[in-house]
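Chemist: any chance you could fold what I've pasted below:
(one chain, ligands or ions: 2)
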Amino acid sequence: MVGRTAEAGRLTDYDAVIVGAGFAGLYQLLRLREVGLRVKVIEAGTDVGGTWYWNRYPGARCDVPSMEYSYSFDEDLEQEWEWSEVMSPQPEILAYARHVAERFDLRRDIQFETRVTAARFDDATDRWTITTDRAETLSARFCIMATGCLSMSNLPNIEGRDRFAGLALHTGNWPKEPVDLRGKRVGVIGTGSSGVQAIPVIAAEASHLHVFQRTPVYTFPANNRPLNDEIVAAYKANYAEVRERQRHSVAGFSGFNPKKAAITPTAVPDAAAKPGPPESGDTPVAKPKRRSRGLLDLDLDERRDAVAAHGPAVFQRYRDVYTDPAANEAACELYRELVDDIVEDPTVAEDLKPKGYPLGCKRQVYDTDYYETFNRPNVTLVDLHRDPLLQITETGVQTESGDVDLDVLVFATGFDAMTGALERIDIRGRGGRALRDDWSEGPHTYLGLAVEGYPNLFTITGPGSPSVLSNVIVSIEQHVDWITDCIAHLDANELTTIEATAEAQADWDERVAEAAKGTMYTAPSCASWYLGANIEGKSRVFMPYVGGVGRYRKICDDVAADGYRGFTLA
Ligand code: FAD
Ligand code: N01
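Modeler: Ligands and ions are numbered 1, 2, ... in the order given. Model (predicted):
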């Protein structure tokens, strides 16, 4: 029965242990409590929030609209919470996570400052034994990994990395106390989403900033601004519809147009109202919804006119850019012209231009004044292709052209994404088999939710699900609801375990790979963290499912409706 354990009474015995107290862990705790389970959440940090707890670097914020990047499960929560900006800053998102924890009294079941080091399935008892770095052992029927896709920071193995005597920081593990950069000589290594957000803000504060760039980035203006009351009111009046549309969309966005809705509450949503690529806060999904003229249908003058009219949004209007390499390169060429328009020094402009890989292969980056920052007299771009990084020294960074002395060195070098946090835990399934071994050539999952050989283990937004290709909170809620229903189903039918079959898992692996074929994500010149290409020695496998959150939801729902097709229930 739900809520009872064979060993009930012992404090360390639970129906479910959840690892991680970000948005996924919090919502999963709430849902499992609702169905009567005794649950414990183990979290490495000192508070809830996950991503928004760890990533406190200057400029950190979400790059999708906050009105949509928020929980949908509680109408009162939706109505009472106030976002201040279209894309809210990190402290506000963290405050929201804390508010949720308070409002739903979640903290009493969360143990902070504790890292799960191992999880082992016992074939004899059908239970998981979970071990922590406090040498505690917990026993649970279900082990749910809410460990996050972007929670394991990547500190690259640069010669002398630990020798630096100044302050060395990683964007994904930023101190809780404010870091005063005023009057400091700062270096930033990395120009992905984190670097691009941090660089303009650091430049405004530091005495001098050196940006060490290995790969130039394609970045679009975020167009962030304060949220006005009409937009908030329109969203709040239409939230039920907005959420429903998010759930069945390609990437977790409703396409809702608050301006039209403010006049007519039932207005038809319009994708153009939202910043970012249509339907996506992330790298665009391959298939356009409506047919439109392609960029290649225009002659060169028309393309330039289109750029003049739409600015960088031109790439969002012509969807062949995302599917046809020639159109993509044409767009990239125009993109490079835009860099020239903003960056005053022609050599710096040239160095900042992304070349040799397609737009849309990596997670889309959005910025506020990124290129403009390189016009500041206190900012120096170091192009590591022309001037390779030799080593980190006690006093700063040494490149081929000489030493750069620094007080602070910021690693904006990303994450061991999707599998990193899971593989840091020694997860053992049936017969003691190790997840690290099973995934040595890339992750294998059924629906990104479960792994064959690991009964009653669930992965929220795991590899093989749309997760990072979507508005992640939408994907989190879908997984959590599915897992909760699944556990309730097991209990209602007096079943003990659920386990993916090898066939279903192999089919799903193939389907994930197939979906990404022919898209920019898997172009031969693409080296992204989606592919594991940012981590030395990691297998190159495209990890998320590109098919879209709406389609994916339907697949998961059909699997459940069909008696959990592809799973063995015992
Ligand atoms: P996380 O928030 O990563 O939480 C996982 C938690 O698990 C962490 O607190 C971690 O400490 C804990 N944990 C991991 N391993 C262990 C262990 N072994 N033991 C104990 N605890 C453990 N997504 C969007 O959709 N839109 C955005 O605009 C957006 N912006 C982002 C900005 C940044 C800077 C980053 C890094 C990511 C962003 N994301 C964005 C993705 C973001 O990660 C998700 O939106 C979401 O917050 C993930 O929630 P989660 O609970 O799944 O994982
Ligand atoms: O990490 P990244 P991130 N020497 O991997 C460079 C989410 N996010 O933290 O491209 C020199 O994208 C590396 O260079 P290269 C979002 O999903 C969202 O920025 O490998 N440089 C690259 O420039 C995002 O995609 C927001 O050549 C080295 C950078 O470091 C994900 O998190 C904000 C190097 C890493 O870029 C990760 O973003 C922030 C080395 N040895 C993050 N090793 C939002 O706004 C690495 N680099 C939503």
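Chemist: can you pull out the helices in the stretch 51-200 of the chain?
Modeler: For the stretch 51-200 of the chain, the helices defined by DSSP state H, counting those that start in this stretch cover 51-54, 75-80, 90-103, 193-205.
Chemist: so what does the first one touch, helix or strand wise?
Modeler: Judged by 3 or more C-beta pairs under 8 Å, 6 or more residues apart in numbering; DSSP states H and E, the packing partners of helix 51-54 are helix 90-103. Any C-beta I mention is one placed from the backbone N, CA and C, and that applies to glycine too.
Chemist: buried residues in stretch 401-413?
Modeler: For stretch 401-413, the neighbour count (16 or more other C-beta atoms under 10 Å) marks 404, 406-413 as buried.
Chemist: pick the one among those residues closest to residue 249.
Modeler: residue 412 (30.1 Å; C-beta to C-beta).
Chemist: rewinding a little: need the max-distance pair from the buried residues of stretch 401-413.
Modeler: Greatest spatial distance among those (C-beta to C-beta): 407 and 413, at 19.1 Å.
Chemist: mind listing what's buried along the longest strand belonging to the chain?
Modeler: Across the chain, the longest stretch assigned as strand under DSSP state E is strand 137-145. For strand 137-145, the neighbour count (16+ other C-beta under 10 Å) marks 138-145 as buried.
Chemist: residues contacting it, please?
Modeler: Here strand 137-145 makes contact (C-beta atoms under 8 Å, 6 or more residues apart in numbering) with 5, 7, 10, 12-20, 28, 37, 40, 42, 119, 121, 126-132, 421-422, 425, 456-460, 462, 483, 487, 496.
Chemist: so where do the strands sit in the stretch 301-450 of the chain?
Modeler: 365-367, 379-383, 389-392, 396-399, 402-405, 408-411, 426-428 (DSSP state E, counting those that start in this stretch).
Chemist: which ones are touching the residue nearest to the spatial centre of the chain?
Modeler: Geometric centre of the chain, nearest residue: residue 468, 4.5 Å, by C-alpha atoms, centre = their mean. Taking C-beta under 8 Å, 6+ apart, we find residue 468 in contact with 149-150, 282, 363, 417-418, 461, 530, 544.
Chemist: within reach of ligand 1, which of the contacts of strand 137-145 are there?
Modeler: Among the contacts of strand 137-145, the residues that sit close to ligand 1 (C-beta under 6 Å from any ligand atom) are 19-20, 42, 421, 425, 460.
Chemist: ranking these by neighbours, who comes first?
Modeler: Neighbour counts for those, by other C-beta atoms under 10 Å, peak at residue 460, which reaches 31 neighbours.
Chemist: dihedrals phi and psi, that residue?
Modeler: phi -80, psi 130 (degrees, to the nearest 10).
Chemist: look up phi and psi at the residue nearest to it when sequence neighbours are not counted.
Modeler: Take residue 460 and drop its neighbours on the chain: the residue closest to it by C-beta to C-beta, 6 or more residues apart in numbering is residue 24, 4.2 Å away. Main-chain torsions, residue 24, degrees, to the nearest 10: phi -70, psi -50.
Chemist: need the residues of the stretch 1-150 of the chain near ligand 1, please.
Modeler: 19-25, 42-45, 50-51, 53, 55, 60, 62-64, 69, 115-116, 146-148, 150.
Chemist: give the ChimeraX command for selecting the buried subset of the residues you listed.
Modeler: With 16+ other C-beta under 10 Å as the criterion, this ChimeraX line picks the buried residues out of these:
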select :19,20,21,22,23,24,25,42,43,44,45,50,51,53,55,60,62,63,64,69,116,146,147,148,150
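Chemist: work out for me the element residue 559 sits within.
Modeler: Residue 559 is part of helix 549-561 when elements are defined by DSSP states H and E.
Chemist: how about that helix and ligand 1, touching?
Modeler: No. Using C-beta under 6 Å from any ligand atom, we find that helix 549-561 stays clear of ligand 1, coming within 11.0 Å at best.
Chemist: can you pull out the helices in the stretch 201-350 of the chain?
Modeler: Under the criterion DSSP H, counting those that start in this stretch, the stretch 201-350 of the chain contains helices at 229-237, 239-247, 258-263, 300-310, 314-317, 325-342, 346-352.
Chemist: show me the one of these that comes nearest ligand 1.
Modeler: Between ligand 1 and those, the shortest gap by C-beta to the nearest ligand atom is with helix 239-247, which sits at 11.2 Å.
Chemist: what's the closest of the buried residues of stretch 401-413 to ligand 2?
Modeler: Among those, residue 413 lies closest to ligand 2 (C-beta to the nearest ligand atom), at 3.8 Å.
Chemist: quickly compare the strands of the stretch 301-450 of the chain and say which is most buried.
Modeler: Compared across those, strand 408-411 shows the largest average neighbour count, a mean of 24 (mean count of other C-beta atoms under 10 Å).
Chemist: ok, now which ones touch the residue in the stretch 301-450 of the chain that ligand 2 sits nearest to?
Modeler: Nearest to ligand 2, among the residues of the stretch 301-450 of the chain, is residue 414, at 2.6 Å (C-beta to the nearest ligand atom). By C-beta under 8 Å, 6+ apart, residue 414 lies in contact with 153-154, 172, 190, 192, 194, 529, 534.
Chemist: same check on residue 239?
Modeler: Counted by C-beta under 8 Å, 6+ apart, residue 239 has contacts 72, 75, 78-79.
Chemist: buried ones in stretch 431-439?
Modeler: So, applying 16+ other C-beta under 10 Å, buried residues of stretch 431-439: 435, 438-439.
Chemist: which of these fall within helices?
Modeler: Counted as lying in helices by DSSP state H, out of those, are 435, 438.
Chemist: can you map out the strands along the stretch 51-200 of the chain?
Modeler: Here the stretch 51-200 of the chain has its strands, by DSSP E, counting those that start in this stretch, at 110-111, 116-122, 127-132, 137-145, 167-170, 185-189.
Chemist: and the first one, which strands flank it?
Modeler: For strand 110-111, the pairing partners within the sheet under DSSP bridges are strand 39-42 (parallel).
Chemist: repeat for the longest one
Modeler: Here strand 137-145 is paired, per DSSP bridges, with strand 13-19 (parallel), strand 127-132 (antiparallel), strand 457-459 (parallel).
Chemist: got the angle for it vs strand 116-122?
Modeler: Using axes from the mean of the first three to the mean of the last three C-alpha atoms, to 10 degrees, the direction of strand 137-145 lies 90 degrees away from that of strand 116-122.
Chemist: what of the third one?
Modeler: With the same axes, to 10 degrees as the criterion, the two stretches strand 127-132 and strand 116-122 enclose an angle of 160 degrees.
Chemist: how about residue 87, what does it touch?
Modeler: So, once contact is read as C-beta under 8 Å, 6+ apart, residue 87 ends up touching 61-66, 222, 224, 275, 366.
Chemist: just the closest of these to ligand 2, please.
Modeler: Set against ligand 2, the nearest of those by C-beta to the nearest ligand atom is residue 63 (3.6 Å).
Chemist: measure residue 323 to ligand 1 for me?
Modeler: Per C-beta to the nearest ligand atom, to the nearest Å, residue 323 is found 23 Å from ligand 1.
Chemist: hmm, I typed the wrong one, I wanted residue 188.
Modeler: 14 Å.
Chemist: what residues does the stretch 251-400 of the chain put near ligand 2?
Modeler: Going by C-beta under 6 Å from any ligand atom, the residues of the stretch 251-400 of the chain near ligand 2 are 363, 384.
Chemist: quick check: which ranges of the stretch 251-400 of the chain have low pLDDT?
Modeler: Residues of the stretch 251-400 of the chain meeting the criterion pLDDT under 70: 262-292, 308, 310-316.
Chemist: now with 90?
Modeler: 258-295, 300-325, 327-328, 330-335, 337-338, 359-360 (pLDDT under 90).
Chemist: from memory residue 531 sits against residue 523, does it?
Modeler: No. Residue 531 sits out of contact with residue 523 when judged by C-beta atoms under 8 Å, with a separation of 10.3 Å.
Chemist: out of these two, which sits in the more crowded spot?
Modeler: Neighbours were counted for residue 531 and for residue 523 using other C-beta under 10 Å; residue 531 has more, 22 against 16.
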